[in-house]
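# got a sequence here, can you build the structure:
(chains A and B)
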Amino acid sequence: MAFWDYANPTRFLKLVQVVLPWLTGLCVVAFAAGLYMSFFVAPEDYQQGQTVRIMYIHVPAAWLSMMCYSIMAVSSLGTLVWKHPLADVSAKTAAPIGAAFTFMALVTGSLWGKPMWGTYWVWDARLTSVLVLLIMYLGLMTLWRTMDDPIKAGKAAAVLTLAGALNLPVIKFSVDWWNTLHQPASVMRLDGPTIHPDILWPLLVMAVAFTLLFFVLHLMAMRNEILRRRVRTLRLRAASAAHPRSAVATAQPAE
Amino acid sequence: MSTWAIVLFQRDLRLSVRVGGSALVGVLFFLAVVTVIPFGVGPDLNLLSRIGPAILWIGALLATLLGLDRLFQADRDDGTIDLMLMAGRPLELVVLIKCLAHWVATGLPLVVAAPLLGVFLNLEPAAMAAVTLTLLVGTPALTLIGAIGAALTVTLRRGGLLLAVLVVPLAIPVLIFGVSSADAAIHDPVPFLTPFLILCALSLIAAVIGPIASAAALRFAAD
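Numbering: from 1, shown residues only, chains lettered A, B, ... in the order given. Got it, this is the predicted structure:
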């Protein structure tokens, strides 16, 4: 079972070392193709003009902001149910990346909203729920920072992540519930996409590029987190070897 | 419900209303928030009656958030939580009863005070009744959702601020449907029952998720 083989951090690090260069290369190629297509191949919109190109950043970032939370939710299940040793590493390192994508979606969205809607921000259902998602990411990151034992912090954050995962469907379907200013979903629909293929293809390539970027960053961050935990363990061990009497106090920091 | 549940409920209630508990501070805080709002937005009675339900709901949300750190903190400090963990009773049920007692001590006074504060905000009698009814149904959800945050931050020395940050996003749907069902009763753009029933549903969902998640968090905090 590959899933359990990579529970061993050393084996996982070896895998990362092999996979990462290829993934990075693919990501660069996808971005080159996607950016070329979205800037030179895709036509201008007859109403929106050049501003339609913001969409090629905005929509993939928004998708990724939700995918990232889904990955964190699955990782949290991995922490709580299967006690997979890398699950909380995965959840912890996905949070800042997800926050960055969410922030990017909000910023590009409001840059697009200024010429189109005439305002940077409206309290529309979907915008608001993305802002809520950003707050949740930041809250989770803060929760991780307030506890110094990574195992305990991982479990607490996993509980909160799963409780917050209920918010994800609200984001996805809030458009249909309130249906105010933001246009309803036009790519992921049961009766097929409603946007023209000339615009759809660059968008899909950019989505693939963003997804690859996420995996590259996530693997790098997971590697760093594993190494950081090793350094922490080595330091705790060195400290307890140097001062045997205070070892208990060091190994279990004040709760 | 067996005896231990009633005993636990009475114990928690007694602890929170007697000296050392802080049950009624929440109502005072509620009063303070509602008093401060007109200084911010101006004394226009028409405006105040229009945003009155929203003010009452936000006041109730803030008052609930501020009281939440008392939910498990004192019991953890004196070791009661550890005894409850070892007692062999389902921890989820223990949490639910503690939440219920906490709500009766802190949430119910807010509901009772809401009509009185509605007078300050120039609310019509019908609006007053609607807000009170929505608060009665909605504030248990705030307490139950807040229990998750309280359980997560119980090990932290000063978790109150973080607790509020963690709980507010989860409480937003309750606020939305609470205010919109109160508004629906006044202006009726939609029938009152639609948002109100969703609010009831949110409370019921919170009654399931809140105790389960907080019990899990308390277990992890203990070992």
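# hey, let's count contacts and neighbours off CA atoms from now on
Fine.
# so who does residue B:151 touch?
Residue B:151 sits next to B:72, B:214-215, B:217-218 when contact means C-alpha atoms under 8 Å, 6 or more residues apart in numbering or on different chains.
# now do the SS call for it.
Secondary structure, DSSP: H, G, I helix; E, B strand; the rest coil: residue B:151 is helix.
# likewise for residue A:123?
Per three-state DSSP, the secondary structure class of residue A:123 is coil.
# what's the burial count for it?
Number of residues near residue A:123 (other C-alpha atoms under 10 Å in any protein chain shown) recorded here: 11.
# re the thing from before, would you reformat the contacts of residue B:151 as TSV and include distance to residue B:106 and secondary structure?
What follows is the contacts of residue B:151, written out as TSV (distance: C-alpha to C-alpha, whole Å; DSSP: H, G, I helix; E, B strand; the rest coil):
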residue	distance to residue B:106	secondary structure
B:72	14	coil
B:214	19	helix
B:215	21	helix
B:217	23	helix
B:218	22	helix
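# can you say which of those residues are buried?
Buried members of the contacts of residue B:151, counted by 16 or more other C-alpha atoms under 10 Å in any protein chain shown: B:72, B:214-215, B:217-218.
# so residue A:59 touches residue A:105, yeah?
Yes - taking contacts as C-alpha atoms under 8 Å, residue A:59 lies within contact range of residue A:105: 7.2 Å.
# residue most distant from the centroid, chain B?
Most distant residue from the mean C-alpha position of chain B: residue B:44, 29.0 Å away (C-alpha atoms, centre = their mean).
# how much space between that residue and chain A?
Residue B:44 sits 24 Å away from chain A, going by C-alpha to the nearest C-alpha, to the nearest Å.
# now do residue B:218
Distance from residue B:218 to chain A, by C-alpha to the nearest C-alpha: 9 Å.
# give the contact list for that residue.
Applying C-alpha under 8 Å, 6+ apart to residue B:218 gives the contacts B:151-152, B:154.
# tell me who's in contact with residue A:59.
Counted by C-alpha under 8 Å, 6+ apart, residue A:59 has contacts A:105, A:203, A:207.
# burial count for the nearest residue to the last one once chain neighbours are set aside?
The one in question is residue A:207. The shortest distance from residue A:207 to any non-neighbouring residue, by C-alpha to C-alpha, 6 or more residues apart in numbering or on different chains, is to residue A:60 (4.8 Å). Close neighbours of residue A:60, defined as other C-alpha under 10 Å, add up to 22.
# which residues of chain B lie near chain A?
B:148, B:152, B:155-156, B:162, B:165-166, B:169-170, B:209, B:213, B:216-217, B:220-221 (C-alpha under 8 Å from any C-alpha of the partner chain).
# okay, and which of those residues map to helices?
Cross-referencing the residues of chain B next to chain A against helices under DSSP state H gives B:148, B:152, B:162, B:165-166, B:169-170, B:209, B:213, B:216-217, B:220-221.
# how far away is the nearest residue to residue A:211 once chain neighbours are set aside from residue B:216?
Residue nearest to residue A:211 in three dimensions, not counting chain neighbours: residue A:64, with 6.9 Å by C-alpha to C-alpha, 6+ apart. Going from residue A:64 to residue B:216 by C-alpha to C-alpha, to the nearest Å gives 29 Å.
# pLDDT added to the contacts of residue B:151, as CSV?
Formatted as CSV, the contacts of residue B:151 follow (pLDDT from 0 to 100):
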residue, pLDDT
B:72, 88
B:214, 92
B:215, 92
B:217, 90
B:218, 90
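# for those, which one is nearest residue A:232?
Using C-alpha to C-alpha, residue B:217 comes nearest to residue A:232 of the contacts of residue B:151, at 24.6 Å.
# pretty sure the closest one sits against residue A:156.
Yes - contact criterion C-alpha under 8 Å: residue B:217 and residue A:156 qualify, at 5.9 Å.
# so what sits against both of these two?
Both residue B:217 and residue A:156 are contacted by residue B:152, under the criterion C-alpha under 8 Å, 6+ apart.
# list the residues that contact residue A:103.
residue A:134.
# which strand or helix spans it?
Taking DSSP states H and E as the criterion, residue A:103 maps to helix A:87-117.
# next helix or strand past that helix?
For helix A:87-117, the following helix or strand on the C-terminal side (DSSP H and E) is helix A:125-146.
# that next one close to chain B?
Yes - using C-alpha under 8 Å from any C-alpha, we find that helix A:125-146 touches chain B at A:132-133, A:135-136, A:139-140, A:142-143, A:146.
# work out for me the element residue 66 sits within.
If you meant another chain, say so; for now it's chain A. With DSSP H and E as criterion, residue A:66 is part of helix A:55-77.
# meant chain B actually
helix B:45-67.
# centre of the chain to that helix, how far?
Centre-to-centre, helix B:45-67 and its host chain are 13 Å apart (C-alpha atoms, centre = their mean, to the nearest Å).
# quick check: buried residues in it?
Per 16+ other C-alpha under 10 Å, helix B:45-67 contains these buried residues: B:48-50, B:52-67.
# stretch B:138-153 too?
Quick answer for stretch B:138-153 (16+ other C-alpha under 10 Å): B:138-153.
# with stretch B:32-40 instead?
Across stretch B:32-40, burial judged by 16+ other C-alpha under 10 Å covers B:33-34, B:37-38.
# among those residues, name the ones in helices.
Per DSSP H, helices hold the following members of the buried residues of stretch B:32-40: B:33-34, B:37-38.
# closest to chain A out of those?
Here the nearest of these to chain A, counting by C-alpha to the nearest C-alpha, is residue B:37; it sits at 21.1 Å.
# which residues touch that closest one?
Residues near residue B:37 by C-alpha under 8 Å, 6+ apart: residue B:55.
# can you give me the distance of it to residue B:59?
Using C-alpha to C-alpha, residue B:37 is found at 10 Å from residue B:59.
# likewise for residue B:160?
Look at residue B:160 and residue B:59: by C-alpha to C-alpha, they are 17 Å apart.
# now residue B:44
Residue B:44 sits 19 Å away from residue B:59, going by C-alpha to C-alpha.
# what do you get for residue A:165?
Note on residue A:165: its distance to residue B:59, by C-alpha to C-alpha, is 27 Å.
# now do residue B:70
18 Å.
# what's the burial count for residue 136?
In the absence of a named chain, chain A is used. Residue A:136 has 25 nearby residues by other C-alpha under 10 Å.
# you answered for a different chain; I wanted chain B.
For residue B:136, using other C-alpha under 10 Å, the count is 17.
# residue contacts, the closest residue to it other than its chain neighbours?
Leaving aside its chain neighbours, residue B:136 sits nearest to residue B:111 (5.8 Å; criterion: C-alpha to C-alpha, 6+ apart). By C-alpha under 8 Å, 6+ apart, the contact set of residue B:111 is B:132, B:135-136.
# what's the nearest residue to residue B:9 if we skip its chain neighbours?
The shortest distance from residue B:9 to any non-neighbouring residue, by C-alpha to C-alpha, 6+ apart, is to residue B:101 (5.6 Å).
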